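Trainee: whatever this is, show me its structure:
(4 chains)
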There are 2 protein chains.
Amino acid sequence: MAEQPENIPPIEFTPFEPLCAVFRSHLRDLGHKYTPERAQILDTLVVMDDLFQVDQLIDAMKESGHRVSKATVYRTIKLLQEAGIIQQVLFDAEHAHYQLAYGRKTRDIIVCVDTNEILSIEIPELRALTERVCEQHGLSPESHRLQIFAKRS
Amino acid sequence: MAEQPENIPPIEFTPFEPLCAVFRSHLRDLGHKYTPERAQILDTLVVMDDLFQVDQLIDAMKESGHRVSKATVYRTIKLLQEAGIIQQVLFDAEHAHYQLAYGRKTRDIIVCVDTNEILSIEIPELRALTERVCEQHGLSPESHRLQIFAKRS
DNA sequence: CTTGGTGCAAACATTTTGCAGCACA
DNA sequence: TGTGCTGCAAAATGTTTGCACCAAG
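Mentor: Residues are numbered from 1 along each chain as shown, chains lettered A, B, ... in the order given. Take a look at the predicted model:
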């Protein structure tokens, strides 16, 4: 296996490479195909804001000249979630938001109420805290998400 | 006013009394009316599960013989939110969930993944924690919500 | 060449809205 | 007695699905 076929790009350490590999391997595992549409969606994803909505993704794809139908975007988002590449973030009821999940340690965010900016944060203490609280109820934590709504100080 | 008409129940210290008062005063402040429909919705709310969805509320009302249209339920939910009596809780993308908010100190919950039970919890340390994290970004926290997904241990 | 994928449009589910008649303050 | 409220049905929104044709493996 000294020669790589040309459809495997040269190794470069960008976020895209591992994501692409993860996605392809997930698809292969399920007997699914890696299509140009799916590649375009992944491609667009990685250059988008940390947090995005489906229609933002669709708009971004249109702007960059990709022509993929809504239906395919929705179908692909499901696959990307299964593959652990993106995850849902809920912080308003109107629209589902997603963010890249692969390699991400937390789902904790600060939402700036002035600018609507979203910051991903990490609070190491939270793990112990959730463990302690759950223990009091005879439970053990699997995961958590914390959303802080903050204003500029 | 020595005699109460029969539709006003004898005074009892149930959660309903202050909620009703809060709602009526909120409505009065806005020049809105306290109608039988709104009373029935509030009435049903207080005997429901801590966390509910709109269609559960609608079903519960039907079962108890109340006849209020969907449109009115949705309109009233907005008013109840404004009044601080209920609040939205987002933990799955399909349906908006609500819970009684009045007098509640936190929006933090544990979702038991085995039983789908929702426990409201209080973690006093969280306040300081969120303050510290926000400070690092030049922000100050207004509110937060923490959702822990846990299994039985 | 087989199986899964795509775009399109229709179907869906949930929530909102316009309107004519009704009822609370 | 006037303004806000209600129910209904239509509209709007966001997401899913059925189908005929297409393409990846």
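Trainee: stretch A:84-97 vs DNA strand D: in contact?
Mentor: Yes - Stretch A:84-97 comes into contact with DNA strand D (Cβ under 7 Å from any atom of the strand), by way of A:E94, A:H95, A:A96. In short, each C-beta sits where N, CA and C put it, glycine included.
Trainee: my guess is A:F149 contacts B:S140, does it?
Mentor: No - counting by Cβ atoms under 8 Å, A:F149 does not reach B:S140; the two are 10.5 Å apart.
Trainee: closest to chain B out of the residues of stretch A:84-97 next to DNA strand D?
Mentor: Sorting the residues of stretch A:84-97 next to DNA strand D by how near they are to chain B, with Cβ to the nearest Cβ, puts A:A96 at the top with 4.5 Å.
Trainee: what parts of chain A come near chain B?
Mentor: By Cβ under 8 Å from any Cβ of the partner chain, the residues of chain A that approach chain B are A:88, A:90-93, A:96, A:110, A:112-113, A:119, A:121, A:123, A:125-126, A:129-130, A:133-135, A:137-153.
Trainee: next one: the lengthiest strand in chain A to chain centre, how far?
Mentor: The longest strand of chain A (DSSP state E) is strand A:139-152. Here strand A:139-152 shows a centroid-to-chain-centroid distance of 17 Å under the convention Cα atoms, centre = their mean, to the nearest Å.
Trainee: so which bits of it are buried?
Mentor: For strand A:139-152, a neighbour-count test (16 or more other Cβ atoms under 10 Å in any protein chain shown) marks A:L139, A:P141, A:H144, A:R145, A:L146, A:Q147, A:I148, A:F149, A:A150 as buried.
Trainee: so what secondary structure elements neighbour that strand?
Mentor: Secondary-structure packing of strand A:139-152 (3 or more Cβ pairs under 8 Å, 6 or more residues apart in numbering or on different chains; DSSP states H and E): strand A:109-112, helix A:125-135, helix B:125-135, strand B:139-152.
Trainee: rerun at 10 Å
Mentor: For strand A:139-152, the elements it packs on are strand A:86-89, strand A:109-112, strand A:118-120, helix A:125-135, strand B:109-112, helix B:125-135, strand B:139-152, judged by 3 or more Cβ pairs under 10 Å, 6 or more residues apart in numbering or on different chains; DSSP states H and E.
Trainee: could you tell me the least trusted of the ones you listed?
Mentor: When the helices and strands packed on strand A:139-152 are compared on mean pLDDT, strand A:118-120 scores lowest, with a mean of 80.
Trainee: mind giving me the packing neighbours of it?
Mentor: strand A:51-53, strand A:97-100, strand A:109-112, strand A:139-152.
Trainee: CSV for the ones you listed, including distance to B:A60?
Mentor: Output for these, formatted as CSV (distance: least, Cβ to Cβ, whole Å):
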stretch, distance to B:A60
strand A:51-53, 32
strand A:97-100, 30
strand A:109-112, 32
strand A:139-152, 28
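Trainee: which other residues reach the lowest-mean-pLDDT helix or strand in chain A?
Mentor: Lowest on mean pLDDT, DSSP states H and E among the helices and strands of chain A sits strand A:118-120, with a mean of 80. Strand A:118-120 is contacted from outside by A:49-52, A:89, A:91, A:97, A:99-100, A:104-112, A:147-148, A:150, B:133-134, B:136-137, B:139, using Cβ atoms under 10 Å, 6 or more residues apart in numbering or on different chains.
Trainee: ditto for stretch A:121-136
Mentor: A:104-106, A:108-110, A:139-144, A:146, A:148, B:108, B:110, B:112, B:119, B:121-123, B:125-126, B:129-130, B:132-134, B:136-137, B:146-153.
Trainee: of those residues, which ones also sit close to DNA strand C?
Mentor: Counting by Cβ under 7 Å from any atom of the strand, no member of those reaches DNA strand C.
Trainee: what does chain A put close to DNA strand D?
Mentor: So chain A meets DNA strand D at A:33-36, A:53-55, A:70-71, A:74-75, A:78, A:94-96 (Cβ under 7 Å from any atom of the strand).
Trainee: how does chain A divide into domains?
Mentor: A:17-104, A:105-153 (automatic domain parsing).
Trainee: now the last one, how far from the centre of its chain.
Mentor: What that stands for is domain A:105-153. Worked out by Cα atoms, centre = their mean, domain A:105-153 lies 17 Å from the chain centre.
Trainee: can you tell me the helix or strand for the residue in chain A that DNA strand D sits nearest to?
Mentor: Of all residues in chain A, A:A71 sits closest to DNA strand D, at 3.3 Å by Cβ to the nearest atom of the strand. Using DSSP states H and E, A:A71 maps to helix A:70-82.
Trainee: so where's chain A uncertain?
Mentor: Of all residues in chain A, those with pLDDT under 70 make up the ranges A:1-17, A:91, A:93, A:103-106.
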